[in-house]
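[1] Here is a sequence together with a model predicted from it:
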Amino acid sequence: MQLGRKIYYEKTNGIVIWDKGEMSGDVQETTLEQDKESMPVLKLITPEQLGVLQLSYGEYAEEFASCRGYRINPDTGRLQFIQ
């Protein structure tokens, strides 16, 4: 199984809180509650302020490899890469 990146971010400013990265092999998709147990900082953000962007496996691979950073545009909910 292949899972794409799951990126948690603050909706108000687009700052990435946790990027789970891509996974393959014997892996399973996780729920928000499971992710909160793995990354307790997610519990500190209200559900209204916590955004999640789920990508397909390999999606934006070249952009991630060549960028210096990235954020989520709070107005559009789309990735913005910093070159």
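    Right, received. Where do you want to start?
[2] So residue 8 belongs to a strand, correct?
    Yes. Judged by DSSP: H, G, I helix; E, B strand; the rest coil, residue 8 forms part of a strand.
[3] was I right about it contacting residue 18?
    Yes. The criterion here is Cβ atoms under 8 Å, and residue 8 meets it with residue 18 at 4.6 Å. For every residue, glycine as well, the C-beta is placed using N, CA and C.
[4] Would you mind telling me which of those two has the busier surroundings?
    Neighbours of residue 8 and residue 18, each counted by other Cβ atoms under 10 Å, are more numerous for residue 8; the result is 21 against 15.
[5] Could you pull up the contacting residues of the more buried one?
    Applying Cβ atoms under 8 Å, 6 or more residues apart in numbering to residue 8 gives the contacts 16-20, 35, 39, 42, 50-52.
[6] what about burial for those, which qualify?
    By neighbour count, with 16 or more other Cβ atoms under 10 Å, the contacts of residue 8 hold 16-17, 20, 42, 50-52 as buried.
[7] before we move on, back to that, from the contacts of residue 8, which land in helices?
    residue 35 (DSSP state H).
[8] Would you map the strands across this protein?
    Per DSSP state E, the chain carries strands over the ranges 2-3, 6-10, 16-19, 23-24, 50-54, 69-72, 79-82.
[9] Residue 50 and residue 79: what is the separation?
    Using Cβ to Cβ, to the nearest Å, residue 50 is found at 17 Å from residue 79.
[10] on that earlier part again, shared neighbours of residue 8 and residue 18, which are they?
    35, 39, 42.
[11] Nearest residue to the first one in space, please, no chain neighbours.
    Right, residue 35. Spatially, and ignoring its direct neighbours in sequence, residue 35 is nearest to residue 42 (6.1 Å; Cβ to Cβ, 6 or more residues apart in numbering).
[12] which ones are touching the one you found?
    Applying Cβ under 8 Å, 6+ apart, we find residue 42 in contact with 8, 17-18, 32, 35-36, 50.
[13] same deal with residue 27?
    Neighbour list for residue 27: 1, 3 [criterion: Cβ under 8 Å, 6+ apart].
[14] With residue 43 instead?
    Residue 43 makes contacts with residue 36, as judged by Cβ under 8 Å, 6+ apart.
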